[in-house]
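Engineer: Can you look at this prediction? I've put the sequence above it.
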Amino acid sequence: MVDFIGIERIQQLVARRGTARFIEELAGEIERDFLRWDDFEKSPRHASHSPVGVIELMPASDGRLYAFKYVNGHPKNTTVGLLTVTAFGVLADVATGYPLLLSELTVTTALRTAATSALAARRMARPGSRVMALIGNGAQGEFQAIAFHHLLGIRELRLYDTDPKATDKLVRNLGALRLPGLELVRCASTAAAVAGADIVTTVTADKRNATILTPAMIAPGMHLNAVGGDCPGKTELHPDILRRSDARVVVEFEPQSRIEGEIQQLPADFPVTELTEVLAGRAPGRARADEVTIFDSVGFALEDFSALRYLMRIHQQERGGAQIDLVPDLEDPKDLFGLLAGEPATQAARPRVTA
Ligand SMILES: NC(=O)c1ccc[n+]([C@@H]2O[C@H](COP(=O)([O-])OP(=O)(O)OC[C@H]3O[C@@H](n4cnc5c(N)ncnc54)[C@H](O)[C@@H]3O)[C@@H](O)[C@H]2O)c1
């Protein structure tokens, strides 16, 4: 039997902790895994592109557990009532190859992306950052807002989306949470939202080299959390922002970010630092108060590995955890055909494997 987390279960697991605490715990898991970077087998994700979107497979393993995520990115989906990003994933036991957990990862991707953004910003944003511009108020928006309110101390959120209904939704959802001391400011343009911000989060969806941020919008000392550009030909920053002499660019996994990140717009020898180096204290996230720091996020398989292991742990610890018969449980493992020939298959639950 394989542990199973569907939408109803993820709702329960997040509700029992609260979204902010869930993101905080997840950030801790992700940080610990980034700190044992060399333990992991890593590769850029496998991407299958079409004119309207991408479908990606994201594997990672530490030799004991193996994880993969299936994820898509279809920016036009929302016009037909579908999500831009959906995902699910599997955690497996390397020793036997057996799957241990099959889980939804659509909600979890939003949670882990926000957790990773906050982890990076804690090392890269100026201490005392209180004002964040949030450009793109779609599915990921609230998660970024909650993470930065809770883990960075953001107290003013300046909102802009080309679709005012997306901002209406975000204001409604965040308003209902009554996050202590958080002021929401609707802005008429990206430039208006960004002016005076300490941190700028871009989380827009458009399958092209968009220019969400132009060089003129950027002030010394800002931290840019660039989340939405995550595919070849799909970026958010004008390349001159990255080329600033005072810019410091941090990426998750350099070989993948060269293909998918904002840095795809620059030569292959453009200097970047991997997040693991910053988290381990081997490289600064920010060296000076007036530097422009840029977290060029694309989403890396290790974040999903951490999330799946965390999910399996809390799923097993808390009541109500379901399992499904994804894999046959046979008395004679050579008699697979017996399953179809009407032989009784023993589907007794296996002892749970703890992570
Ligand atoms: N880096 C990561 O780890 C990671 C993880 C998840 C999603 N993403 C990416 O983040 C982006 C957002 O994902 P989502 O699920 O919130 O998508 P979404 O479609 O729900 O929301 C995107 C929002 O961006 C807005 N937008 C588009 N162009 C804009 C512009 N020029 N200015 C302002 N707003 C604009 C849209 O109106 C929409 O409300 C996607 O591109 C997705 O691929 C990255």
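Structural biologist: The structure has been received and is ready for your questions.

Engineer: what does the stretch 51-200 of the chain put close to the ligand?
Structural biologist: 73, 75, 78, 84-85, 109, 113, 135-140, 160-163, 166, 190 (C-beta under 6 Å from any ligand atom). C-beta coordinates here come from the backbone N, C-alpha and C atoms, glycine included.

Engineer: same thing but at 8 Å, please
Structural biologist: Near the ligand, the residues belonging to the stretch 51-200 of the chain are 71, 73, 75, 77-78, 83-85, 109-110, 112-113, 116, 135-141, 160-163, 166, 190 when assessed by C-beta under 8 Å from any ligand atom.

Engineer: Please apply the same query to the stretch 251-355 of the chain.
Structural biologist: 297, 298, 299, 300, 303.

Engineer: Between those, which sits nearest the ligand?
Structural biologist: Set against the ligand, the nearest of these by C-beta to the nearest ligand atom is residue 299 (2.6 Å).

Engineer: picking that back up, just the buried residues of the residues of the stretch 51-200 of the chain next to the ligand.
Structural biologist: If you count burial by 16 or more other C-beta atoms under 10 Å, the buried members of those come out as 71, 73, 75, 77, 84-85, 109-110, 112-113, 116, 135-141, 160-161, 166, 190.

Engineer: Among the residues you listed, which lie within helices?
Structural biologist: 109, 110, 112, 113, 116, 141, 166, 190 (DSSP state H).

Engineer: I'd like those residues written out as CSV, with distance to residue 178 added.
Structural biologist: What follows is these, written out as CSV (distance: C-beta to C-beta, whole Å):
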residue, distance to residue 178
109, 26
110, 21
112, 25
113, 24
116, 26
141, 17
166, 21
190, 27
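
Engineer: correct me, but residue 126 touches residue 286?
Structural biologist: Yes: Residue 126 is within contact range of residue 286, at 7.0 Å (criterion: C-beta atoms under 8 Å).

Engineer: Okay, helices next: where are they in this structure?
Structural biologist: Assigned by DSSP H, the helices in the chain fall at 7-17, 19-34, 106-124, 141-152, 164-177, 190-194, 239-243, 254-260, 275-279, 301-317.

Engineer: To residue 339, which of those lies closest?
Structural biologist: helix 301-317 (26.2 Å; C-beta to C-beta).

Engineer: Can you point out the buried residues in the closest one?
Structural biologist: 301-312, 314-316.

Engineer: thinking again about what came up before, identify the contacts common to residue 126 and residue 286.
Structural biologist: By C-beta atoms under 8 Å, 6 or more residues apart in numbering, residue 126 and residue 286 have these common neighbours: residue 223.

Engineer: in the stretch 51-200 of the chain, what residue is nearest the ligand?
Structural biologist: For the stretch 51-200 of the chain, C-beta to the nearest ligand atom, closest residue to the ligand: residue 138, 1.8 Å.

Engineer: pLDDT score for that residue?
Structural biologist: Listed pLDDT for residue 138 reads 98.

Engineer: Can you name the residues in contact with stretch 51-65?
Structural biologist: Outside stretch 51-65, the residues that touch it by C-beta under 8 Å, 6+ apart are 33, 36, 39-43, 45-48, 66-77, 89, 91-95, 100, 207, 231, 299-302, 304-305, 309, 355.

Engineer: Identify the residue nearest residue 240 in space, chain neighbours excluded?
Structural biologist: Sequence neighbours aside, residue 215 is the residue nearest to residue 240 in space, at 4.5 Å (criterion: C-beta to C-beta, 6 or more residues apart in numbering).

Engineer: Kindly report the same for residue 257.
Structural biologist: Of all residues not flanking residue 257 in the chain, residue 251 sits nearest, at 3.7 Å (C-beta to C-beta, 6+ apart).

Engineer: burial of the one you found, as a residue count?
Structural biologist: Neighbourhood size, residue 251 [other C-beta atoms under 10 Å]: 24.

Engineer: Contact partners for the most centrally placed residue in the chain?
Structural biologist: The chain has residue 113 as the residue nearest its centroid, 2.0 Å off, counting by C-alpha atoms, centre = their mean. With contacts defined as C-beta under 8 Å, 6+ apart, the neighbours of residue 113 are 140, 143, 144, 227, 297, 299, 303.

Engineer: Look up how far residue 309 lies from the closest residue to residue 303 other than its chain neighbours.
Structural biologist: Spatial nearest neighbour of residue 303, chain neighbours left out: residue 112 (4.7 Å); criterion: C-beta to C-beta, 6+ apart. In this structure, residue 112 and residue 309 are 12 Å apart, going by C-beta to C-beta, to the nearest Å.

Engineer: before we move on, what about residue 325?
Structural biologist: 22 Å.

Engineer: Report the beta-bridge partners for residue 156.
Structural biologist: Per DSSP bridges, the residues bridged to residue 156 are residue 131, residue 183.

Engineer: number of nearby residues for it?
Structural biologist: 16.

Engineer: Same check on residue 14?
Structural biologist: Applying other C-beta under 10 Å, we find 17 residues neighbouring residue 14.

Engineer: That one and residue 249: what is the separation?
Structural biologist: For residue 14, the distance to residue 249 - C-beta to C-beta - is 32 Å.

Engineer: Could you pull up the contacting residues of residue 189?
Structural biologist: Counting by C-beta under 8 Å, 6+ apart, residue 189 makes contact with residue 160.

Engineer: cool, and residue 137?
Structural biologist: Contact analysis of residue 137 by C-beta under 8 Å, 6+ apart lists 159, 160, 161, 163, 166, 167, 169, 170.

Engineer: repeat for residue 66
Structural biologist: The neighbours of residue 66, taking C-beta under 8 Å, 6+ apart as the test, are 59, 60, 91, 92, 93, 94.
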